[in-house]
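[1] Take this sequence and fold it.
(chains A and B)
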Number of protein chains: 2
Amino acid sequence: MHNKEHLLIIGAGLCGSLLAFRLAQHGYKITLVEKRPDLRKAEISAGRSINLAFSDRAYKAFKMAGLQEKVAKLFIPMHGRMLHDLEGKTFLSEYSGREDEYINSISRTELNALLLDEVEKFDNVNLIFNHTCQHLDLDESTADFFDEKNQKKINLTADYIFGTDGGGSAVRQSMQSQKDFLFSHSQEFLTHGYKELHFPPTEEGEYAIAKNALHIWPRGENMLIGLPNPDQSFTVTLFLAYEGGQYNFNNLTTPEIVEEYFKKEFADAYAILPNLKAEFFENPTSPLGTVKCAPWYYNKTMLMGDAAHAIVPFYGQGMNASFEDVVEFDYWLTRHDFDLKKTFIDFSKTRKPDADAIADLALDNFYEMKSHTAQALFLKKRQIELALEKEFPKAYASKYSLVTFKDNIPYKEAMEKGRAQDKAILSLLKHDKLKDNQSLEEQLKLIHKTTKQLLEGDFLLEN
Amino acid sequence: MHNKEHLLIIGAGLCGSLLAFRLAQHGYKITLVEKRPDLRKAEISAGRSINLAFSDRAYKAFKMAGLQEKVAKLFIPMHGRMLHDLEGKTFLSEYSGREDEYINSISRTELNALLLDEVEKFDNVNLIFNHTCQHLDLDESTADFFDEKNQKKINLTADYIFGTDGGGSAVRQSMQSQKDFLFSHSQEFLTHGYKELHFPPTEEGEYAIAKNALHIWPRGENMLIGLPNPDQSFTVTLFLAYEGGQYNFNNLTTPEIVEEYFKKEFADAYAILPNLKAEFFENPTSPLGTVKCAPWYYNKTMLMGDAAHAIVPFYGQGMNASFEDVVEFDYWLTRHDFDLKKTFIDFSKTRKPDADAIADLALDNFYEMKSHTAQALFLKKRQIELALEKEFPKAYASKYSLVTFKDNIPYKEAMEKGRAQDKAILSLLKHDKLKDNQSLEEQLKLIHKTTKQLLEGDFLLEN
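    Numbers count the residues shown, from 1 in each chain, chains lettered A, B, ... in the order given. Below you'll find the model as predicted:
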């Protein structure tokens, strides 16, 4: 029965492509429409050579689809944060005390190309590029597109529609303007924007800095990060406030002042940024925002991925969360024996708290990455956590590990447990309760007990 | 200098009228434009006979304007919440242990009429009704209006523009669609809507229930409330979920089921609702939402009141917050020697955290009013708090009192202190630390100490 239903998926980015792949596996007839040209044939514009951190929640989705081996070929493992101080001294802060827990740098373009190649293998998928969604009639389940190549309008109708068209979703905008639909929505911008730069390979064709790490130059209010690419280059991103402080996007207006800023704040990075001034003024400055909304569906149209929950990039979880959406959706779809309407309701209800949680965690991590990572108390906490994870790999997992590697724990639970744990350790350290003469086991017990008290709100028990 | 500037104020509701009055006092030339007809001449439509709870923050604004004696004539004092249980038994939960702390029922229409009368006395104010704002050019500080009576467009230009046009603000919508302006905004709907009903006076021309209280019928998920009017009637509001539970707005579709619901859940109210069935189906069901945005100004246009921060009505603070905006704005305006641009920046920055706080408090109170008010632990807490306020009027103020009566304490501070205090008392009660054999002074000390610990995050100090 279900395999005769026709699904229109709007947006063939990462989430839409994987969703189309999975639903094609189930036998649905699918039309997958993308606004942009086929990225396998097009030139990627400057400042858009984005790489992403692929971790366990995304991998879970690829295992479900049977694509795990293909995607793994695109990975460059990153075992920790390589912190660069003002003098250029570096320090590796590992992501986990467990050796098998690390994240992977991956090219957005290569990953999307892999998914499109796989989607095209299905006879029951019709893949259309260069068609911009302009408007949806949500009551009739039809959508108007503008065919950019032939400069004409077309209309597509389907049994169900999926909006996987990203943070600026046209599908979501149609929900916003739907009369008599109580659609809650928010869009929050950070005070900071970002700009992409580039470390080319060395003259010897090597990586200019350590390959297997996510490099961070934390500078309090602002920061620079770098992720490795397969071609021995690094994609580098500057996160900088639009205003305030000595340097900001509004006052970095001449090549001289850009150079001054980088020499002063990121001297070791400056030395390997030969095209800094050109890149700085050619590449766009882009805003960073969080989008939330509810409910994610109206009638027979459903939002998924960034269209439903765009987040800031500081936990490296935006893509992971979008791929995990497909896993969760698939869970409800099979449980409801392919009844899409029931699946919409349960997926929207159960997934929303987790999407909200990772949005909030990503904002928290912005503050952690740009400043805390370099602070003594934070470093001490990480040191204890890594020791615990090494010594008791099954009994302890840090917040980062719960969020990033424990793909069977929902984001909301990971957030609540992780935050309580962080608070417990920082408080214990502050009150000098974690001492060097204690065994690791004693420390673990104390942290577990305090975390439990915090989670239960029983902070007065021992007063 | 400043008194030559021309200000356009869009929206002559409560906030816009008081703002116009205050800025007229300062000598500015003002055009005040309202979409609706003059409410002093028009019939008020059914289900819109809204009354409001006027408390100290609003009163502070009227004192600033010199209108305190005039507004006080419109007050009907309400000393507490009169709780009605299923059997019709009532219990008065006082708002404060201090006799001079109470709130006042006031008619929105009468209050607005008072302000319009006062505004019209100024030669430097031009008051225009029946003109709908359609679009603003924020770069040019001009606005297009549709003249509803003459069915034609007009355009108004000013040195500065204020958007005081309420929760659905057209001025805010112009900010949302402004290109290259990073305008964060959110609109969140509750799962509940509301509908207005009416207790008429008794046959003897008396109030049908106790006059000087805010009546509440808390029923877990839903509730009914009633506020007194000067004509011996009560305006009654049903807050009910749109869906879920045995009764909701989606299934109360026949007179019979409405009657069944009221007889079962609100028997004593049902007895004095002679026009229930007609009112239920004639009056609209309206949604409840929270609007937040930032920044509140762009170029020379500023949002204020509900246009900047619409909140749900459960703390009785929406109007109070809007009037307090005018006080805060006035503070910065005089401090900046009537430099409006500087005032925009500082007002927007310093007032926003307080507006966010009262929005969150109002949502909290929704849960408190419809369920907690009838719970044993909550009642015990209120009992202790009232005793403390009576015995130590200067040393103790509950969260409700901090928010509602302490108009020199900003909302954010009131929220933080009030929440910590609530948490402290509830935890102390839960762990049986507040005992009947303790003196009130001992209890006060314990509550103060625990509150302080919670505020400082020092919960481990005594472990």
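[2] What number of neighbouring residues does the closest residue to chain B within the stretch 101-250 of chain A come out with?
    Using Cβ to the nearest Cβ, A:Ser186 is the residue of the stretch 101-250 of chain A that sits closest to chain B, at 3.0 Å. Glycine gets a C-beta too; all of them are placed from N, C-alpha and C. A:Ser186 is flanked by 20 other residues according to other Cβ atoms under 10 Å in any protein chain shown.
[3] so is it in a helix, a strand, or just coil?
    What DSSP: H, G, I helix; E, B strand; the rest coil gives for A:Ser186 is strand.
[4] Quick one: check the longest helix anywhere in chain A for contact with chain B.
    Once chain A is assigned using DSSP state H, the helix that runs over the most residues is helix A:340-370. No. Figure legend: helix A:340-370 not in contact with chain B (Cβ under 8 Å from any Cβ of the partner chain); closest approach 11.4 Å.
[5] circling back: look up which residues are beta-bridged to the residue of the stretch 101-250 of chain A closest to chain B.
    For A:Ser186, the beta-bridge partners are A:Lys292, B:Ser186 (DSSP bridges).
[6] The helix or strand encompassing A:Arg22 - contacts with which helices or strands?
    A:Arg22 is part of helix A:14-25, with elements assigned from DSSP states H and E. Secondary-structure packing of helix A:14-25 (3 or more Cβ pairs under 8 Å, 6 or more residues apart in numbering or on different chains; DSSP states H and E): strand A:6-10, strand A:29-33, helix A:56-65, helix A:108-120, strand A:125-128, helix A:318-335.
[7] got the buried residues for stretch A:274-287?
    A:Leu276, A:Glu279, A:Phe280, A:Asn283, A:Thr285 (16 or more other Cβ atoms under 10 Å in any protein chain shown).
[8] any idea how far the second one lies from chain B?
    It stands for A:Glu279. To chain B, A:Glu279 is 22 Å away according to Cβ to the nearest Cβ, to the nearest Å.
[9] which SS class is that residue?
    A:Glu279 ends up helix, using three-state DSSP.
[10] That one touches A:Leu197, doesn't it?
    Yes. Contact criterion Cβ atoms under 8 Å: A:Glu279 and A:Leu197 qualify, at 5.0 Å.
[11] Give me the common contacts of the two.
    Common contact partners of A:Glu279 and A:Leu197 (Cβ atoms under 8 Å, 6 or more residues apart in numbering or on different chains): A:Leu273.
[12] Assign the residue nearest to A:Met319 when sequence neighbours are not counted to helix, strand or coil.
    Spatially, and ignoring its direct neighbours in sequence, A:Met319 is nearest to A:Leu52 (5.0 Å; Cβ to Cβ, 6 or more residues apart in numbering or on different chains). At A:Leu52 the chain is in strand, as set by three-state DSSP.
[13] Please name the nearest non-neighbouring residue to the residue nearest the centre of chain A.
    Centroid-nearest residue in chain A, with Cα atoms, centre = their mean: A:Gly318, separated by 2.1 Å. Nearest residue to A:Gly318, sequence neighbours excluded (Cβ to Cβ, 6+ apart): A:Ile311, at 5.2 Å.
[14] Need the phi and psi values for the one you found.
    phi -130, psi 170 (degrees, to the nearest 10).
[15] Around A:Lys152, how many other residues sit close by?
    By the criterion of other Cβ under 10 Å, A:Lys152 has 9 neighbours.
[16] And A:Gly220, by the same measure?
    10.
[17] these two touch, right, it and A:Lys370?
    Yes. Proximity of A:Gly220 to A:Lys370 meets the contact threshold set by Cβ under 8 Å, at 6.6 Å.
[18] one step back: quick check: pLDDT value at the residue nearest to the centre of chain A.
    The score at A:Gly318 is 96. That number is its pLDDT.
[19] average pLDDT across the helix holding A:Arg22?
    Averaging pLDDT along helix A:14-25 yields 98.
[20] Equivalent analysis for stretch A:227-240, please.
    For stretch A:227-240, the per-residue pLDDT averages 96.
[21] Buried ones in the helix holding A:Arg22, by neighbour count?
    A:Leu14, A:Cys15, A:Gly16, A:Ser17, A:Leu18, A:Leu19, A:Ala20, A:Phe21, A:Arg22, A:Leu23, A:Ala24.
[22] tell me the SS of A:Ala42?
    coil.
[23] ok, it - how many residues close by?
    Around A:Ala42 there are 11 residues (other Cβ under 10 Å).
[24] ok so, going back, name the nearest of the buried residues of stretch A:274-287 relative to chain B.
    A:Thr285 (11.1 Å).
[25] need the contact list for that closest one.
    Here A:Thr285 is in contact with A:Gly193, A:Tyr194, A:Lys195, A:Phe249 (criterion: Cβ under 8 Å, 6+ apart).
[26] again with A:Ser141
    Shown in contact with A:Ser141 (Cβ under 8 Å, 6+ apart): A:Leu8, A:Thr157, A:Ala158, A:Asp159, A:Tyr160, A:Ile161, A:Asn299, A:Lys300, A:Thr301.
[27] what are the bridge partners for the residue in the stretch 201-350 of chain A positioned nearest to chain B, then?
    Nearest residue of the stretch 201-350 of chain A to chain B: A:Pro287, at 5.5 Å (Cβ to the nearest Cβ). Here A:Pro287 shows beta-bridge partners A:Gly193, assigned using DSSP bridges.
[28] wait, isn't it in contact with A:Thr191?
    No. With contacts counted by Cβ under 8 Å, A:Pro287 stays clear of A:Thr191, the gap being 9.9 Å.
[29] mind showing which ranges of chain A have poor pLDDT?
    A:1-3, A:44-49, A:372-374, A:458-463 (pLDDT under 70).
[30] can I see the domain layout of it?
    Domain ranges of chain A: A:6-44+A:108-186+A:289-366, A:375-455, per automatic domain parsing.
[31] possible to save these as TSV with distance to B:Glu391?
    Shown next, in TSV, are the domains of chain A (distance: least, Cβ to Cβ, whole Å):
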stretch	distance to B:Glu391
domain A:6-44+A:108-186+A:289-366	42
domain A:375-455	33
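[32] most packed of these?
    Stretch with highest mean neighbour count among the domains of chain A: domain A:6-44+A:108-186+A:289-366 (a mean of 20; mean count of other Cβ atoms under 10 Å in any protein chain shown).
[33] what about that one, distance to the chain center?
    16 Å (Cα atoms, centre = their mean, to the nearest Å).
[34] go on, stretch A:196-203?
    Remark: stretch A:196-203 is offset 23 Å from the chain centroid, using Cα atoms, centre = their mean.
[35] Just the residues contacting that stretch, thanks.
    Outside stretch A:196-203, the residues that touch it by Cβ under 8 Å, 6+ apart are A:47-50, A:207-209, A:226, A:231-238, A:269, A:272-276, A:279-280, A:283.
[36] same check, this time on stretch A:243-253
    A:191, A:193, A:195, A:221-222, A:240-242, A:257-258, A:261, A:265, A:280, A:285.
[37] would you put the C-alpha positions of that stretch in PDB?
    Provided in PDB are the C-alpha atoms of stretch A:243-253 (Å, rounded to 0.1, in the frame of the first residue of the first chain):
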ATOM      1  CA  GLU A 243      30.700  45.200  17.000                       C
ATOM      2  CA  GLY A 244      32.400  45.900  20.400                       C
ATOM      3  CA  GLY A 245      35.900  45.000  21.500                       C
ATOM      4  CA  GLN A 246      39.000  46.300  19.800                       C
ATOM      5  CA  TYR A 247      38.500  44.400  16.600                       C
ATOM      6  CA  ASN A 248      35.200  43.400  15.000                       C
ATOM      7  CA  PHE A 249      33.700  42.800  11.600                       C
ATOM      8  CA  ASN A 250      32.500  46.400  11.500                       C
ATOM      9  CA  ASN A 251      35.900  47.900  12.000                       C
ATOM     10  CA  LEU A 252      38.100  45.400  10.100                       C
ATOM     11  CA  THR A 253      37.700  47.400   7.000                       C
END
